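>>> just to be clear, the model below is a prediction. Sequence and coordinates:
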Amino acid sequence: MSDLLNEKTPIKSRHIRPGQGEAVEVKAGQFLQIETLQGKQVADFVAFSLDDTGEFLSTAATRSTNGNIVPQLGMTLYSNRREPMFEIVEDTVGRHDMLYACCDPVRYEKLGAPGHANCREALTASLVGYGIGYDRIPDPINWFMTVSIQQRGELEIREPIAEAGDYVLVKALKDVVAAVSACPQDLTPTNAEHPTNLRVRVFRDEPLPAMTMREASQPVAEAEIVVAEVVEPEPAEAAVEAAPEPEPATVEAAPEPAPATEAAEQGAPSTVASSHGPSRPARLRDTAEATVVRVE
Ligand SMILES: [Zn+2]
C-alpha cells in the first residue's frame with residue numbers, strides 16, 4: 001500500500017465480478033480506488049453528480065479541457081458542465097482509455113455472441129436506484145484498457161499492461177455516485193481474453209485513528225469508520241456467458257502487487273515495484289506500449 005493510502009481510512013469495499021457493475025457514493029474530498037486484482041482487467045467507469053444526475057463525468061469535456069486523449073496522473077476529470085469532478089492522484093499503470101464506448105448488446109451481436117454479458121447493462125443495473133436508465137449511461141473512462149493510437153488515428157485494442165494489484169486512485173471533487181463495471185469482454189484482447197475481478201474501495205482522507213478510551217466509549221462513531229472487506233454474495237443471476245467464472249481462491253490470494261520478478265517475466269523492468277515516482281507511473285516507464293504516435 002502506498003504512503004498516500006496509508007494516510008487514509010477505507011470506508012467501503014466491493015468486489016466486482018466480470019459482467020457485474022457496482023455503484024458507490026463518494027463524497028467530495030474522499031478517494032476512490034479501482035484495482036485489478038489479478039491484472040489485465042478493464043474497469044468501465046462512469047459517474048454522476050449526486051446533487052443533479054443531469055451532470056456526469058464527460059470524457060469529451062475531459063479530453064478537451066486537458067488537451068489530451070489519455071487519462072494521466074495529476075489530470076482533472078471534468079463533467080459535461082465542465083466542472084471538475086475528480087483528480088487522478090495515484091496511478092500504478094499509466095495506461096488507460098477514454099475513447100472507447102462501453103461494450104453493449106449490439107457490440108456482442110456483431111461479434112456473433114448475442115446475449116453476452118456487457119458493461120452497459122451492468123452499469124445500468126448498478127445505477128437503477130438513481131433513476132439513471134440505459135440511454136443515460138455516458139461514454140466511460142476505461143481504466144487499464146490499452147489502446148494503441150496509430151499515425152492516422154487508427155485504434156487498436158491490446159492486452160492491458162496492468163498487472164495484479166495495479167490500481168488508480170482518484171479524489172472526488174464533488175459528491176458523486178460512481179459506477180464501475182468489470183468488463184466481461186472475452187472475445188478480443190481487451191481483458192487478455194480472460195476477464196477477472198476488480199476491487200473498488202472508498203477512502204476517507206484521514207488516517208485510521210488510534211483507539212483511545214474516549215473513542216472506545218463511542219461505538220457508533222467507530223463503527224462508521226471501519227468497513228470490513230465484503231465479498232459480494234454469489235450472484236445467481238450474473239449470466240456471464242462464455243466468461244469463465246473466476247476462482248474464488250485467487251481473488252482472496254491476489255490483493256498485493258505482483259513481485260518484481262513476475263513483472264520481469266512479463267518484459268517489464270525489474271525496478272517496477274520500487275520505482276513509483278511522483279510524476280510518472282512506474283509501469284509506463286521503459287514500456288514500448290507507452291509510445292503514442294503523434295499526429296503532426
Ligand atoms: Zn465491457
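Structure's in. What do you need? Residues are numbered from 1 along each chain as shown.
>>> for Pro18, see how far away Ala164 is.
Look at Ala164 and Pro18: by CB to CB, to the nearest Å, they are 16 Å apart. For the C-beta atoms, the positions are set from N, CA and C on the backbone; glycine is no exception.
>>> run through the chain and note the low-pLDDT ranges.
The model of the chain has pLDDT under 70 over residues 210-296.
>>> where does Leu73 land in three-state SS?
Under DSSP: H, G, I helix; E, B strand; the rest coil, Leu73 falls in the coil class.
>>> which residue packs closest to it, ignoring adjacent ones?
Asp91 (4.5 Å; CB to CB, 6 or more residues apart in numbering).
>>> what strand or helix carries Arg107?
helix 105-110 (DSSP states H and E).
>>> how about the residues of the stretch 101-250 of the chain near the ion?
Within the stretch 101-250 of the chain, the positions near the ion by CB under 5 Å from the ion are Cys103, Cys119, Cys183, Gln185.
>>> rerun that using 8 Å as the cut-off
By CB under 8 Å from the ion, the residues of the stretch 101-250 of the chain that approach the ion are Cys102, Cys103, Asn118, Cys119, Arg120, Ala122, Asn142, Ser181, Cys183, Pro184, Gln185, Thr190.
>>> now, these that are in strands?
Asn142, Ser181 (DSSP state E).
>>> out of the residues of the stretch 101-250 of the chain next to the ion, which are buried?
For those, a burial check counting by 16 or more other CB atoms under 10 Å picks out Cys102, Cys103, Asn118, Cys119, Arg120, Ala122, Asn142, Ser181, Cys183, Pro184, Gln185, Thr190.
>>> and which of those is nearest to Arg158?
Thr190 (8.8 Å; CB to CB).
>>> isn't the closest one right next to Val42, touching?
Yes. Distance between Thr190 and Val42: 5.6 Å, which falls inside the contact criterion (CB atoms under 8 Å).
>>> overlap in contacts of these two?
Met145, Pro160, Cys183 (CB atoms under 8 Å, 6 or more residues apart in numbering).
>>> Leu111: which of the residues you listed is nearest?
For these, the nearest to Leu111 is Cys183 (13.5 Å; CB to CB).
>>> look up the closest residue to that closest one, ignoring the ones flanking it.
In space, Cys183 is closest to Val42, 4.2 Å off (CB to CB, 6+ apart).
>>> and the one you found, how far is that from Val168?
In terms of CB to CB, Val42 sits 12 Å off from Val168.
>>> just the helices in the chain please.
3-6, 59-66, 105-110, 119-126, 213-216, 219-225, 248-253, 260-265 (DSSP state H).
>>> next, the buried residues of the helix holding Arg107.
Pro105, Arg107, Tyr108.
>>> need the nearest residue in space to the last one, chain neighbours excluded.
Right, the one you point to is Tyr108. The shortest distance from Tyr108 to any non-neighbouring residue, by CB to CB, 6+ apart, is to His116 (3.7 Å).
>>> what of the second one?
Of all residues beyond its chain neighbours, the one nearest Arg107 is Asn118 (6.9 Å), with distances taken as CB to CB, 6+ apart.
>>> from memory the one you found sits against Lys110, does it?
No. Counting by CB under 8 Å, Asn118 stays clear of Lys110, with 12.0 Å between them.
>>> show me where this structure has strands.
9-16, 21-26, 31-36, 43-49, 76-78, 84-91, 141-143, 146-149, 155-158, 166-172, 176-182, 198-204.
>>> so Cys183 touches Pro140, yeah?
No. The criterion here is CB under 8 Å, and Cys183 misses it with Pro140 at 9.5 Å.
>>> about what we covered before: so the residue nearest to Leu73 sits right up against Glu35, yeah?
No. Contact between Asp91 and Glu35 fails when scored by CB under 8 Å: they sit 11.6 Å apart.
>>> export the helix holding Arg107 as CSV, just CAs?
Listed next in CSV are the C-alpha coordinates belonging to helix 105-110 (Å, rounded to 0.1, in the frame of the first residue of the first chain):
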residue,chain,number,x,y,z
PRO,A,105,-25.5,-5.9,-26.6
VAL,A,106,-25.1,-4.7,-30.2
ARG,A,107,-21.3,-5.0,-29.9
TYR,A,108,-21.6,-8.7,-29.0
GLU,A,109,-24.3,-9.3,-31.7
LYS,A,110,-21.7,-8.1,-34.2
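>>> returning to that earlier point: burial of the residue nearest to Cys183, as a residue count?
Burial measure for Val42: 31 neighbouring residues, criterion other CB atoms under 10 Å.
>>> and the gap between the closest residue to Lys12 other than its chain neighbours and the ion?
If the residues on either side of it in the chain are set aside, Lys12 comes closest to Val202, at 4.1 Å by CB to CB, 6+ apart. Look at Val202 and the ion: by CB to the ion, to the nearest Å, they are 22 Å apart.
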